[in-house]
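Undergrad: Turn this into a model:
(2 chains)
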2 protein chains.
Amino acid sequence: MKSKLKIVKIGGNLIDDPISLDKALNDFSSISGNKILIHGGGKLASEMSRKLGLEPKMSGGRRITTAQDLEIVTMVYAGLINKQIVANLQSLDCNALGLTGADANCIASEKRPVCEIDFGFAGDIKKVNSLIIDGFLKQGLVPVFCAITHDQTGQLLNTNADTIASMLAAAMSQYYETELDFCFEKKGVLQDVEDSDSVISVIDSKLYNQLVEEERVHSGMLPKLQMGFDALKNDVSSVIIGDAGIINGTCELCTKLIL
Amino acid sequence: MKSKLKIVKIGGNLIDDPISLDKALNDFSSISGNKILIHGGGKLASEMSRKLGLEPKMSGGRRITTAQDLEIVTMVYAGLINKQIVANLQSLDCNALGLTGADANCIASEKRPVCEIDFGFAGDIKKVNSLIIDGFLKQGLVPVFCAITHDQTGQLLNTNADTIASMLAAAMSQYYETELDFCFEKKGVLQDVEDSDSVISVIDSKLYNQLVEEERVHSGMLPKLQMGFDALKNDVSSVIIGDAGIINGTCELCTKLIL
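TA: Below you'll find the predicted structure:
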């Protein structure tokens, strides 16, 4: 029987608000057994861009990454946020190891081809090096990934954190019974964006297609749902979307995805 | 017999100039066997500070680190510079793993006590976790450290890269015959700061004390020399100061420290 692995992605306002982040990290640190954290940080990167006089651009919930933006996201994701999270987890006796996809060649990607939109230095994942990541887990380390990968020719690339979480979970499923949690500031996928309690408790592929068709899914939620279903199709045993309460199972509401 | 470990610290203008940095990384990647890289990046951090409207402050060649400065050095050292170096080394088939002292609790430090000068969030190293670093080497990884450590209670701290190189070399000397190279833009320690070829080829403890007494050592060079001698006193087998040519032994001039 495979042993368990919990993969938690934290994003949205969870990252910006120190109290919410502290609580989430506290809950994460108390998960027993193998675990991996993935974090976003788009809002802090956008803030830093503006401080440096640049206006961030998005398309369909995904960032358009110019060369200058890439420098900023590398600083903010891999530097500021990742290392503060690592230091915080270390203080909670959680032996965190902060990583980009370039470190130990964990995640190789390729620059997204220019189609209708030029996403700039955005990377689509080609390969997750599950063996080296498993090596870190076996050393008792807790990998903490930020949303930066590389193309193996020296180019760093900005990669959606939900995508990293999904493909990491899929790759690790060959060794582990893997659970994937997408945590953010909301309680789950909402029926009505104005009503924070209108959580859809279960979404199956049929309902997902229906929600997309009827354009009832918010643009930022689209890639998360798509990545959740991709993970399930690739042997991930459980995918849940919700607030930080899903980390330690104390939430009353959340959205579970099923095929 | 112990196997060999080469520890290279790169700093100064070597980091700021892409061509010099590329060459240094190329030479570093071709070192066979166990190796560790440590990098500075103070000039790029100072540049970023100024872009964000802050004027960096130094005392005796060491940075005074306010809370805002700490955010900037964390972004620039652990994010921008470290990850660009890692991606660059990966493209050269060198399996680099970027690290701060917080990652895997590699280097624990404590906030420098306030004496005559308050250095702010500057960390003095308490403990190098040589076992986990050796574990990375045994996995075939090449640790790449930036100048950030942590105090194990969640606080990141800015730590002089020369000090990290020296204490890392000392700690690893229990397992390896360790060579330590301090690389920067000059050919070595200069007799006459105006004459770039006036390299002192050997400095022993006696000459070092004499140079310090006569105030013939530049403020930025002082900690480097002190750290070099500390390394030698702690069983490091060789300490050399010079330009990037010392990485692959192609330099004609350099400064060797001996006890």
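Undergrad: For the residue of the stretch 1-150 of chain A found nearest chain B, grab phi and psi.
TA: Closest contact between the stretch 1-150 of chain A and chain B, by Cβ to the nearest Cβ, is at A:Gly79 (2.3 Å). For the C-beta atoms, the positions are set from N, CA and C on the backbone; glycine is no exception. A:Gly79 has phi and psi values of phi -90, psi -80 when expressed as degrees, to the nearest 10.
Undergrad: any idea how far B:Asn209 is from it?
TA: 39 Å (Cβ to Cβ, to the nearest Å).
Undergrad: more crowded one of those two?
TA: Legend: neighbour count by other Cβ atoms under 10 Å in any protein chain shown for A:Gly79 and B:Asn209, higher for A:Gly79 (29 against 11).
Undergrad: can you pull the contacts of the more buried one?
TA: Going by Cβ atoms under 8 Å, 6 or more residues apart in numbering or on different chains, A:Gly79 touches B:Thr74, B:Met75, B:Val76, B:Tyr77, B:Ala78, B:Gly79, B:Leu80, B:Asn82.
Undergrad: Just want to check the distance between the residue lying closest to it once chain neighbours are set aside and B:Ser20.
TA: Leaving aside its chain neighbours, A:Gly79 sits nearest to B:Gly79 (2.3 Å; criterion: Cβ to Cβ, 6 or more residues apart in numbering or on different chains). B:Gly79 sits 21 Å away from B:Ser20, going by Cβ to Cβ.
Undergrad: got it, and A:Gln84?
TA: Distance from A:Gln84 to B:Ser20, by Cβ to Cβ: 31 Å.
Undergrad: who has more neighbours, these two?
TA: Taking other Cβ under 10 Å, A:Gln84 and B:Ser20 do not tie; A:Gln84 has more neighbours (23 against 19).
Undergrad: Let me see the confidence value for that one.
TA: Reported pLDDT at A:Gln84 in the predicted model: 98.
Undergrad: what's the answer for the one 5 residues further on, then?
TA: On the pLDDT scale, A:Leu89 is placed at 98.
Undergrad: One more: the one 5 residues further on?
TA: Here the pLDDT value assigned to A:Cys94 is 98.
Undergrad: Run a quick neighbour tally on it.
TA: 20.
Undergrad: Give the burial count for the nearest residue to it once chain neighbours are set aside, as a bare number.
TA: Once flanking residues are discounted, A:Cys94 sits nearest to A:Ser29: 4.0 Å by Cβ to Cβ, 6+ apart. Per other Cβ under 10 Å, the neighbour tally for A:Ser29 reads 20.
Undergrad: and if you look at A:Thr250?
TA: 10.
Undergrad: Contacts for stretch A:209-217 next, please.
TA: Contacts for stretch A:209-217 (Cβ under 8 Å, 6+ apart): A:Val189, A:Gln191, A:Ile203, A:Leu222, A:Leu225.
Undergrad: mind saving the C-alpha coords of it as PDB?
TA: The C-alpha atoms that make up stretch A:209-217 are tabulated as PDB, following Å, rounded to 0.1, in the frame of the first residue of the first chain:
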ATOM      1  CA  ASN A 209     -18.500  21.600 -18.100                       C
ATOM      2  CA  GLN A 210     -22.000  23.100 -17.400                       C
ATOM      3  CA  LEU A 211     -20.600  25.800 -15.200                       C
ATOM      4  CA  VAL A 212     -18.000  26.700 -17.800                       C
ATOM      5  CA  GLU A 213     -20.500  26.700 -20.600                       C
ATOM      6  CA  GLU A 214     -22.900  29.000 -18.600                       C
ATOM      7  CA  GLU A 215     -19.900  31.200 -17.800                       C
ATOM      8  CA  ARG A 216     -20.700  30.900 -14.100                       C
ATOM      9  CA  VAL A 217     -17.100  30.300 -13.100                       C
END
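Undergrad: quick revisit: how close does the residue nearest to A:Cys94 get to A:Lys126?
TA: 32 Å.
Undergrad: Show the contacting residues for A:Gly98.
TA: By Cβ under 8 Å, 6+ apart, the contact set of A:Gly98 is A:Ala78, A:Asn82, A:Lys83, A:Ile85, A:Val86, A:Val144, A:Cys146, B:Ala78, B:Thr100, B:Ala102, B:Asp103.
Undergrad: again with A:Ile241
TA: Per Cβ under 8 Å, 6+ apart, neighbours of A:Ile241: A:Asp181, A:Phe182, A:Phe184, A:Gly188, A:Val189, A:Lys224, A:Leu225, A:Gly228, A:Cys254, A:Thr255, A:Leu257.
Undergrad: returning to that earlier point: got a pLDDT number for the residue of the stretch 1-150 of chain A closest to chain B?
TA: pLDDT, A:Gly79: 98.
Undergrad: pLDDT below threshold where in the stretch 51-200 of chain A?
TA: For the stretch 51-200 of chain A, the stretches flagged by pLDDT under 70 are A:60-61.
Undergrad: where do the helices sit along it?
TA: Here the stretch 51-200 of chain A has its helices, by DSSP state H, counting those that start in this stretch, at A:67-73, A:82-91, A:130-138, A:161-172.
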